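Participant: take a look and give me a structure for this.
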Amino acid sequence: MTHTATPAAATGPAAPAAPPKSRTAERSLARRALARPEIGALVAAIGVYLFFFVAAPTFRQADSFATVLYQASTMGIMALAVSLLMIGGEFDLSAGVAVTSSALTASMLSFQLTANVWVGVIVALLVSLAVGLINGLLLIKTGLPSFLVTLASFLMLQGANLAITKLLTDNVATDSITDMDGFDQAKSLFASEIDIFGVSVKITVLWWLVFAAIATWVLLRTKFGNWIFAAGGSKESARAVGVPVNLTKIALFMTVGFAAWFVGMHLLFEYNTVQAGEGVGNEFYYIIAAV
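Facilitator: A predicted model of the protein is given here:
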């Protein structure tokens with residue numbers, strides 16, 4: 001009887017080993033969140049809030065918190081523009097007095113011409129953008145550090161604020177423009193209050209959130225945002241890959257000018273008059289907030 005040998009079962013190629021998990025995949029959500037740079041600022045803000053919540057009973061009131069948000073918003077709007085500029089590798093020492101210059105321009109121009117306040121508002125915007133443009137052009141043409149360029153702008157604007165205000169009003173403060181055409185409309189845009197759950201909140205808080213969302217989108221989701229990072233990292237490398245470094249820096253200085261105009265308009269329509277010597281030293285608060 002013949003026996004047929006049964007061949008051994010064929011074995012296919014070994015299945016490839018599963019790739020090892022990356023370090024990113026192994027990190028928990030909490031660790032990834034803690035690695036983000038903004039978490040440090042958030043934790044610090046929460047810590048400060050809790051401290052005053054415990055130490056100061058009046059701080060627990062909704063009206064008090066709305067006041068804190070209001071003060072933060074006027075600084076925060078400027079800090080947003082200054083942050084973008086600093087990411088782009090520069091900073092602006094004239095930002096504080098530029099706010100006052102904008103408010104003075106709008107107030108005195110409207111009053112002296114007896115014109116609708118919107119004329120002063122628009123001219124003030126053009127002046128603020130021009131200051132940013134000049135800062136950017138001087139930085140590029142001279143090759144000087146932005147510290148020196150904007151320090152010169154700071155001193156010039158500070159002197160001009162006092163001299164022109166004294167010349168036109170014979171005082172160190174502007175005249176009230178509350179009875180002029182367009183004042184109520186401008187105030188509703190720049191300095192009105194909104195009732196939220198029975199608490200009056202300044203409209204600057206909402207504008208602050210809107211500007212923060214826009215700045216975040218521009219920085220993280222647009223080509224211009226990539227240009228900002230590149231210009232602040234290495235100008236030579238950025239130019240080598242086609243980034244318009246000079247244009248980017250000029251645009252950032254003009255963004256600071258726009259923010260200075262907006263905050264200046266708020267101060268004007270909130271307090272009706274402007275002191276010529278205001279704003280000195282605020283540039284450091286903007287830089288500190290940005291950092």
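Participant: list the residues that contact the residue positioned nearest the centre of the chain.
Facilitator: Centroid-nearest residue in the chain, with C-alpha atoms, centre = their mean: Leu80, separated by 1.4 Å. For Leu80, the contact set (C-beta atoms under 8 Å, 6 or more residues apart in numbering) comprises Trp208, Phe211, Ala212, Ala215, Ala259. Where you see a C-beta, it was placed from the backbone N, CA and C, and this is true even at glycine.
Participant: leaving aside the residues adjacent along the chain, what's closest to it?
Facilitator: Spatially, and ignoring its direct neighbours in sequence, Leu80 is nearest to Ala215 (4.9 Å; C-beta to C-beta, 6 or more residues apart in numbering).
Participant: before we move on, the earlier item: scan the contacts of Leu80 and report the most crowded one.
Facilitator: Ala259 (28 neighbours; other C-beta atoms under 10 Å).
Participant: picking up where we left off before, in which helix or strand does the residue nearest to Leu80 reside?
Facilitator: helix 203-221 (DSSP states H and E).
Participant: next, count neighbours for the residue lying closest to Leu137 once chain neighbours are set aside.
Facilitator: Excluding the flanking residues, the one nearest Leu137 by C-beta to C-beta, 6+ apart is Ile250, at 6.7 Å. Using other C-beta under 10 Å, Ile250 is surrounded by 19 other residues.
Participant: for this structure, what spans make up the helices?
Facilitator: Secondary structure of the chain (DSSP state H): helices at 23-26, 29-34, 38-55, 62-87, 95-113, 117-142, 146-169, 183-190, 203-221, 223-233, 235-240, 245-271, 282-290.
Participant: relative to helix 146-169, how tilted is the longest one?
Facilitator: I take that to be helix 245-271. In terms of direction (axes from the mean of the first three to the mean of the last three C-alpha atoms, to 10 degrees), helix 245-271 departs from helix 146-169 by 40 degrees.
Participant: no more questions from me, cheers.
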